[in-house]
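# how would this look folded up:
(one chain, ligands or ions: 1)
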Amino acid sequence: MLVVFSPKFNRLLHSKNWQAHLPYLTHSWRPSYSRIYILREIVGLDVPLICLSATCPKSFRNVLLSTIVLPMEHDITSFLDIAFILPLGCREADLIKTLKYVDDIELLTKMFWWAYQRAASTGLLDYVIDIVHSGLSVRHQEICLEGFRTGRTAILLGSSKISTGMNFPGVCRVIQYKCCDLTIPDFDQRRGRGARYPGEFSVSMIFVEPSMLEDHISVENPKSQDPGIIELIKSDECIEAIIQRCLENESWSRDPSFPCCNRCTPDLRPAREFQFIAEHWKEEWRTQWPSYGPKSLISDSGLEDNSLWLIWNGKML
Ligand SMILES: [Zn+2]
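This next block holds a predicted model:
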């Protein structure tokens, strides 16, 4: 039997200790915390080790969470990938209570003003959107967290300021925008801000920036990133299966009747914002599709029905 006695070690074991139950070592851990992981490497997997933490697997928390991982399709600062949270023409009652995490404060602020203006152009009142991060005054943070708690604010944008231990009723959606430097335990904590109360259901989403999907970053060579996150965003496997494996929840098994992720249930994908791109008429189109013209794509009544206004190049008509 191995008995470890040290006041400092004791303190470590009584704080965040997911470092003891992850298969990957992550650069973001403090060195002293990493030693728990190393201890486990030394004693081996045959020695029973009891680990109690807030990131207990879902089976112990009994909540309903679906998870979506999507590569960004638009420029990061255009925010078009997440435009579905504020559909144009929506009413306040249509908004889904959403928490959005952005770890870059400058990008977070930019996103806030984008959302604020989009909400205003739709006729929504300004309190439906709010922002919280440690750079704002304590009073502002208190007011905006209370607004989100009571439901006055529907969409709260924040940084790691919205952390473990904060509970908001009715959160149905948690969005992580960019995943550079994110770890699986951090993401698990963040998505766990959704569906905190019995009977609630939440969808969590990670929008992956192109730089994280580059070929030179891999699970074997994750650079400074968490290998678990790299596996999560690059694999085709069930997202929940990867998370549970990273959290070493061996008892987890997929419930085929529950939509765990967008790889198992593609319909979970949110509606995307489309961009209309004007293209000048190309002569080769006439050769490729001799009997087609603009009216083959959309009829006059279709244009009116959909309130779409397209300007066709003169040569095409
Ligand atoms: Zn799945």
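
# could you list the low-confidence segments of the protein?
By pLDDT under 70, the weakly predicted segments of the chain are 1-37, 45, 48-63, 164, 273-281, 293-317.

# all strands for this protein, in order.
Remark: strands assigned in the chain by DSSP state E are 64-71, 98-101, 129-132, 155-158, 173-177, 201-208.

# list the helices and strands the third one packs on?
Packing contacts for strand 129-132, counted by 3 or more Cβ pairs under 8 Å, 6 or more residues apart in numbering; DSSP states H and E, involve helix 105-121, helix 138-150, strand 155-158. The C-beta positions use only the backbone N, C-alpha and C, and glycine is treated the same way.

# columns distance to Glu237 on top of the strands of the chain, output as CSV?
Below are the strands of the chain laid out as CSV (distance: least, Cβ to Cβ, whole Å):
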stretch, distance to Glu237
strand 64-71, 11
strand 98-101, 24
strand 129-132, 34
strand 155-158, 30
strand 173-177, 19
strand 201-208, 15
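
# so which of the helices and strands packed on strand 129-132 is the most surrounded?
Among these, judged by mean count of other Cβ atoms under 10 Å, the one packed with the most neighbours on average is strand 155-158 (a mean of 24).

# residues touching it, excluding its own?
Applying Cβ atoms under 8 Å, 6 or more residues apart in numbering, the set of residues contacting strand 155-158 from outside is 85-86, 95, 97-102, 108, 111-112, 115, 128-133, 144-145, 148, 162, 168.

# also stretch 70-82?
Defining contact as Cβ under 8 Å, 6+ apart, one finds that stretch 70-82 is touched by 100, 107, 110-111, 114-115, 175, 177-178, 205-210, 213, 233, 262, 269, 272-273, 275.

# which residues are in contact with the nearest residue to Ser211 once chain neighbours are set aside?
Counting by Cβ to Cβ, 6 or more residues apart in numbering, Ser211 lies nearest to Cys180, which is 7.0 Å off, once chain neighbours are set aside. Remark: with contacts taken as Cβ under 8 Å, 6+ apart, Cys180 is in contact with 103, 209, 211-212, 225.

# restricting to C-alpha, output stretch 245-260 in PDB.
Included here for stretch 245-260 are C-alpha records, laid out as PDB according to Å, rounded to 0.1, in the frame of the first residue of the first chain:
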ATOM      1  CA  ARG A 245     -13.000   8.400 -22.800                       C
ATOM      2  CA  CYS A 246     -11.000  11.500 -22.000                       C
ATOM      3  CA  LEU A 247     -12.700  11.800 -18.700                       C
ATOM      4  CA  GLU A 248     -12.100   8.000 -18.200                       C
ATOM      5  CA  ASN A 249     -15.700   7.200 -17.700                       C
ATOM      6  CA  GLU A 250     -15.500   3.600 -18.600                       C
ATOM      7  CA  SER A 251     -19.100   2.800 -17.700                       C
ATOM      8  CA  TRP A 252     -20.400   5.200 -20.400                       C
ATOM      9  CA  SER A 253     -22.300   3.700 -23.300                       C
ATOM     10  CA  ARG A 254     -24.200   5.400 -26.000                       C
ATOM     11  CA  ASP A 255     -28.000   5.500 -25.700                       C
ATOM     12  CA  PRO A 256     -29.200   5.200 -29.300                       C
ATOM     13  CA  SER A 257     -32.500   6.900 -28.400                       C
ATOM     14  CA  PHE A 258     -30.700  10.100 -27.300                       C
ATOM     15  CA  PRO A 259     -29.200  12.600 -29.800                       C
ATOM     16  CA  CYS A 260     -25.700  12.700 -28.100                       C
END
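
# can you select the buried ones from the contacts of Cys180 in ChimeraX?
Buried subset of the contacts of Cys180, written as a ChimeraX selection, criterion 16 or more other Cβ atoms under 10 Å:
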select :103,212,225
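
# now for the contacts of Cys180: which two are most distant?
Comparing all pairs in those by Cβ to Cβ, the longest separation belongs to Asp103 and Ser211, at 14.2 Å.
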